[in-house]
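Novice: Any chance you can model this:
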Amino acid sequence: MTNVLDDSGLQRILAVMAHPDDVDFGCAGSVAGWTDQGIEVVYLMVTDGDAGGFDDGVTREEMAALRREEQRAAAKCVGVTDVRFLGYSDGRVEATLDLRRDIARVIRQVRPDRVLMPSPERNYERIYPSHPDHRAVGAAALDAVYPDARNPYAFPELLADEGLEAWTAREVWLSGGPVVNHYVDITDQFDRKVNALRSHASQTAHMGEELPNMLRGWLSANAEAAGFGDGRLAEGFQVVDTA
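Specialist: Numbers count the residues shown, from 1 in each chain. Reported below is the predicted structural model:
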């Protein structure tokens, strides 16, 4: 297991994800535990999820607006009130300099101790977390943490035009990738994770009781791998020291 920053010394955490609901599938239990400790958590969604859903009668503009509202409702379930969107096109995200600058801007605004993001690596054992938007956002967000946000000469317009001083986020947590070196016991936060995911009704309403059952399968396997004992549930991450 890797060395991990002690939660008691953290003030702010930023979660950078590709779509509404990504943070809830991957990290909502951990987020609930952090906000319970008084840590401020901020969400940044790169897209509005306009390519999601199952209803041909809903326009893509309507879906984007709906998914923004669903994400705000889901965030409230786990104690998050600051939810931001960059408005990139769902399904077309690339790890461009523009995206790196947009994420670096928010890092400098929020000044987080820890940044959560999707893994930029493909997971061949479980392919679904490896959506191309996820990998692109992970690559851009990791570059935004290092070197962009901490280097005052990277995207100098952020300082010159917006007054945003350089900031070093000390730790990155990658979700959904092929490597896991840290687990968080979320047994006591499981119901809030489920409620957060049910807030994304356009994506999860059709699942019914299959949703918590599916989650229990994933999370109990994580807990077993972590050695947490029978009946426990856990989320897994690759923690990277970026201090």
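Novice: Show me where the protein has its helices.
Specialist: In the chain, the helices defined using DSSP state H lie at 22-36, 60-77, 97-110, 132-143, 157-160, 190-198, 201-204, 210-226.
Novice: Leu14 is nearest to which of those?
Specialist: Across the helices of the chain, Leu14 has its closest neighbour in helix 97-110 (4.9 Å, Cβ to Cβ). Yep, even glycine has a C-beta here, placed from its N, CA and C like the rest.
Novice: Now for this structure, the helix or strand with the poorest mean pLDDT.
Specialist: helix 201-204 (a mean of 90; mean pLDDT, DSSP states H and E).
Novice: now the residue nearest to Arg192 when sequence neighbours are not counted: how far from Asp161?
Specialist: Spatial nearest neighbour of Arg192, excluding adjacent residues (Cβ to Cβ, 6 or more residues apart in numbering): Ala32 at 4.7 Å. When distance is defined by Cβ to Cβ, to the nearest Å, Ala32 is 37 Å away from Asp161.
Novice: and what of Val179?
Specialist: Distance from Val179 to Asp161, by Cβ to Cβ: 38 Å.
Novice: Neighbour count for the two, which is higher?
Specialist: The neighbour comparison of Val179 against Asp161 (other Cβ atoms under 10 Å) goes to Val179, with 13 against 9.
Novice: so that one makes contact with Gln238?
Specialist: Yes - Val179 lies in contact with Gln238 (Cβ atoms under 8 Å); the separation is 4.6 Å.
Novice: list residues touching both of those two?
Specialist: Common neighbours of Val179 and Gln238, using Cβ atoms under 8 Å, 6 or more residues apart in numbering, are Ser119.
Novice: Contacts only, for Leu215.
Specialist: For Leu215, the contact set (Cβ under 8 Å, 6+ apart) comprises 190, 193-194, 197, 233.
Novice: so which of those comes closest to Tyr146?
Specialist: Nearest to Tyr146 among the contacts of Leu215: Lys193, at 29.4 Å, using Cβ to Cβ.
Novice: Assess the claim that that closest one and Gly29 are in contact.
Specialist: Yes - using Cβ under 8 Å, Lys193 makes contact with Gly29 at a distance of 4.4 Å.
Novice: what touches both of those two?
Specialist: If you check Lys193 and Gly29 against Cβ under 8 Å, 6+ apart, the residues they both contact are 78, 186.
Novice: Pro152: what's it in contact with?
Specialist: Counted by Cβ under 8 Å, 6+ apart, Pro152 has contacts 159, 165-166.
Novice: what about burial for those residues, which qualify?
Specialist: Buried members of the contacts of Pro152, counted by 16 or more other Cβ atoms under 10 Å: Ala166.
Novice: Name the nearest of the contacts of Pro152 relative to Asp6.
Specialist: Checking those against Asp6 by Cβ to Cβ gives Ala166 as the nearest, at 24.3 Å.
Novice: Could I get the pLDDT score of the closest residue in space to Arg68 that isn't next to it in sequence?
Specialist: Leaving aside its sequence neighbours, Arg68 sits nearest to Asp48 (Cβ to Cβ, 6+ apart; 5.7 Å). Note on Asp48: pLDDT of 91.
Novice: what separates the residue nearest to Gly229 when sequence neighbours are not counted from Asp36, distance-wise?
Specialist: Spatial nearest neighbour of Gly229, chain neighbours left out: Ala223 (7.4 Å); criterion: Cβ to Cβ, 6+ apart. Distance, Ala223 to Asp36, by Cβ to Cβ: 19 Å.
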